[in-house]
Each structure stands twice: as C-alpha cells, then as structure tokens.
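K.L.:
What follows is a protein structure lacking sequence information:
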C-alpha cells in the first residue's frame, strides 16, 4: 500500500524538524565550551586587525561541523577580509565533505543552504561571490532525498542566487564541469587539511595534537597567506594582565628534559625546549569558601580548569575567559577538558598520551595530574614523571612523599626515590 501525498508531506516535515532539533543539540548543548568559544570568536571578528582574521577563522573551522553557521555568517560580514576568508574556508569544507557519507554531507549542505537563505534578504557587501559559489555547488550536490527535502533545498538556492548581484550562469557551468570529473582525481591541495587531522581523539581516546610548528609563546605576528590553509594557527597577542602569573606566561624557559633515566615501563617524557614553560603556581591552594561566583583570578590554573566541568554556564564562561587571559590556547582547552573529565579512564588515557604529543610541554600537565583526586591517576602520572631528570619533576616526587595519603602510591614513590639513590651511588 503506497503512502498518500499528505502522509509523505507530513513525514518530510517531521524529518526536517527532527534534524533541526538534533543540530541545535549538537551545536549548543553537547559542547557548551565550544559553543562559547564560537560566540566569543565570532564577536572578535568585528574588531580584530586584518592580519589576525585568517588565524581566528582557522581556529573557528577547527571546531568542526559546529562552526558551519559561523562561517556562513562570516560571508555576509561588513569586513571584506572576513567575507573572503570565510568563503575560502567553506569551499575547503565542501571539498572535505565529498569524502564523507551521503547522510552526513547532505545534512551539512542543507544547513548551509538554510543559513544562507535566511541571510539572503540582507546580504553583506562582499557576499555575492561566496554566496553564488555555495548556491551553485549545493544545486549540484547529490543529496540524500530520504533525509533532505529537495524542493526546499532548490528553493533556498534560488533565493540565494536571486539576492546575489553576480550572474550565476558561469559559476554554474564551472561547477558542473568539476562535478563530472572523478572525485578521486581531486588534488590534495584543493581539499586542504582536514580539521579532524589537526586535533582529534583517536579510537582509543588518545589525544592527537597539531604538529610542533606551533610554539606556545612568544606569539608570532600572523601574516595573511594567499592560501588560507597554509596559515599557521597563532594565538592573540593582546592578552589582558591578571594578578596571578600563569604557567603559560612567556618568561625564561625551564631546563630541558633528559630521557636517559627509565624506571618504569612508561614511555619517556619528551619535551621540546622551544615549548618549555616556567612552572609556577603549582602549590596546593588553601581551602576557600565556595561561592556562586568564585574569584577565579585568585585561583591556580588547575582550580580554574576544574570549573570547566561544572554545570553553571556562567561560571564555565568566566573560567574560559580567565584561562584565555592567562595565555591558554585552543589546544590547551582540549587538554583541559580531558584533565578535568569526570571519567577516570579518560584522565588515565591522557597520562599515557602526554609523552607522545608534539608541540606540547608535558610538564605542567603531569604536575596537575599528579594532584588528581584518584590514586590510579596520580600513580600513572608518577610513572611518567619518574622517567624524567627535569629538576621540577624530580622535586615533585619528593613532595609526593610528604603529601601522598594512598599507601600504594606512596610505596611507588619510595621505590622511585630508592632507585634514584642507588643510581647516584653508582
């Protein structure tokens, strides 16, 4: 028995509604930290110097699919540098979506069309080129018609093209020629780097971070490149001063790490001297009275990061701002989320992943993990710390002998100290 046209229309409306609600949950509820970073960075696009705009848009794109609405709005920006670079990034994303499943790609393409159609009534002064390219590309996209309404998609694209001043005929013919070519012939340069490759979690939860071409501090002044995907991700240089110094301050670098001593099966700690940080403010903070809005400026980095795991969105936003002002970068926020994750297994995986990370100074993270509330995490961090001859990490082992209350961890501490004493006698 075939469905009547009325039932089919109702089914389509229900499907679109469910997809819309799912997108809202994904973009705003599951990752409140990412949603706030998007909100903050989008506001900055209106005032950032021109040379910093490509860098900020790259950071936005690194947040993945949830960054799509922000990039679409960027095409309609009043600033030419924002509109041009947002358009380039979306073109790069479209190339990457060709390699994804029809279900995922159709959902994202429909999202772009819907966002562009809403903005078509009041287009930006530099949006014509980007909007025309997107609309013609979407019209030629092989969408999943069981998931997306083709009629609605075509109507959105027609509205976008009518609102654009540039004639779409040449762009449409050019895109049609591209689609006829085999997808496998697409050059790696045209695809651009996959944001998921720049920062992600692998199948077992291990952290993958950007290569070591990004030094922590001092920050270099970014330059606009002709190819946006070649711009190195840098961080803003105008960071507000705060009363408490941060472990990410640009001061004199600490000692290098010696990997010759190996007292456990843990992989030796490897630190890039360029990534060295001055390790301070790591002493336990005296107990304080918990208030609804705690004074974050007087807290240690670890205590501020713990606020990220709270349920109060206001405090989470204040914690993000505080860490941002102390010099934390995008990659540090990712590690901070893992550091304060309620799941002990996630924190244990972070300990095992730290020695393998490129472009990250592992020492402050190991010190913070050695103060974890779970004895298993402290013991795992201690095993990695024991492989280093760095004076700061060595000192932490002696401190643990005085502070540790768990008998099993304390026994491990004493074994490490005893082994070091025997080696020094030799």
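P.N.:
Alright, I've got the coordinates. Quantities reported herein were computed from a predicted structural model and do not represent experimental measurements. Numbers count the residues shown, from 1 in each chain.
K.L.:
residue ranges of the strands in the chain, please?
P.N.:
Taking DSSP state E, the strands of the chain run over residues 200-201, 207-208.
K.L.:
Make sure residue 86 is actually in contact with residue 75.
P.N.:
Yes: at 5.0 Å, residue 86 and residue 75 qualify as touching, with contact defined as CB atoms under 8 Å. C-beta coordinates here come from the backbone N, C-alpha and C atoms, glycine included.
K.L.:
any shared contact partners between those two?
P.N.:
Listed as contacting both residue 86 and residue 75 by CB atoms under 8 Å, 6 or more residues apart in numbering are residue 130.
K.L.:
Which pLDDT value does the model give residue 173?
P.N.:
On pLDDT, residue 173 comes in at 51.
K.L.:
wait, what's in contact with residue 114?
P.N.:
residue 156.
K.L.:
Start the count at 340 instead of 1 going forward.
P.N.:
Noted, 340 is the first residue going forward, which turns the last one into residue 453.
K.L.:
Please name the nearest non-neighbouring residue to residue 660.
P.N.:
residue 379 (7.9 Å; CB to CB, 6 or more residues apart in numbering).
K.L.:
what's near enough to touch that neighbour?
P.N.:
By CB under 8 Å, 6+ apart, the contact set of residue 379 is 659, 660, 663.
K.L.:
Now do the second one: how many residues are near it, please.
P.N.:
By that I understand residue 660. 14 (other CB atoms under 10 Å).
K.L.:
Residue 667 versus that one, what's the distance?
P.N.:
Separation of residue 660 from residue 667 (CB to CB, to the nearest Å) stands at 10 Å.
K.L.:
For the nearest residue to residue 732 once chain neighbours are set aside, the count of nearby residues, please.
P.N.:
Nearest residue to residue 732, sequence neighbours excluded (CB to CB, 6+ apart): residue 724, at 4.8 Å. By other CB under 10 Å, 27 other residues sit near residue 724.
K.L.:
Hmm, residue 442 and residue 481 touching each other?
P.N.:
No: counting by CB under 8 Å, residue 481 does not reach residue 442; the two are 11.9 Å apart.
K.L.:
My guess is residue 442 contacts residue 483. True?
P.N.:
Yes: contact criterion CB under 8 Å: residue 442 and residue 483 qualify, at 5.7 Å.
K.L.:
In terms of neighbours, single out the busier of these two.
P.N.:
Shown here are residue 442 and residue 483; by other CB under 10 Å, residue 483 has more neighbours (16 against 11).
K.L.:
Assess the claim that the more buried one and residue 439 are in contact.
P.N.:
No: here residue 483 does not reach residue 439: they are 11.5 Å apart, not a contact under CB under 8 Å.
K.L.:
got any ranges where this structure has weak pLDDT?
P.N.:
By pLDDT under 70, the weakly predicted segments of the chain are 340-373, 504-631, 763-765.
K.L.:
Okay, domains of it per the record?
P.N.:
Following automatic domain parsing, one finds the domains of the chain at 344-517, 578-764.
K.L.:
Name the surrounding residues that touch stretch 457-474.
P.N.:
Stretch 457-474 has contacts (CB under 8 Å, 6+ apart) with 411-412, 414-419, 422-423, 425-426, 429-430, 433, 451-452, 455, 496, 498-505, 507, 510, 514.
K.L.:
out of the residues you listed, which are buried?
P.N.:
411-412, 414-416, 418, 422-423, 425-426, 429-430, 433, 451-452, 455, 496, 498-500, 502-503, 507, 510, 514 (16 or more other CB atoms under 10 Å).
K.L.:
distance between the ends of stretch 661-678?
P.N.:
The first and final residues of stretch 661-678 sit 17 Å from each other (CA to CA, to the nearest Å).
K.L.:
Stretch 708-726 now?
P.N.:
Length of stretch 708-726, first residue to last, CA to CA: 15 Å.
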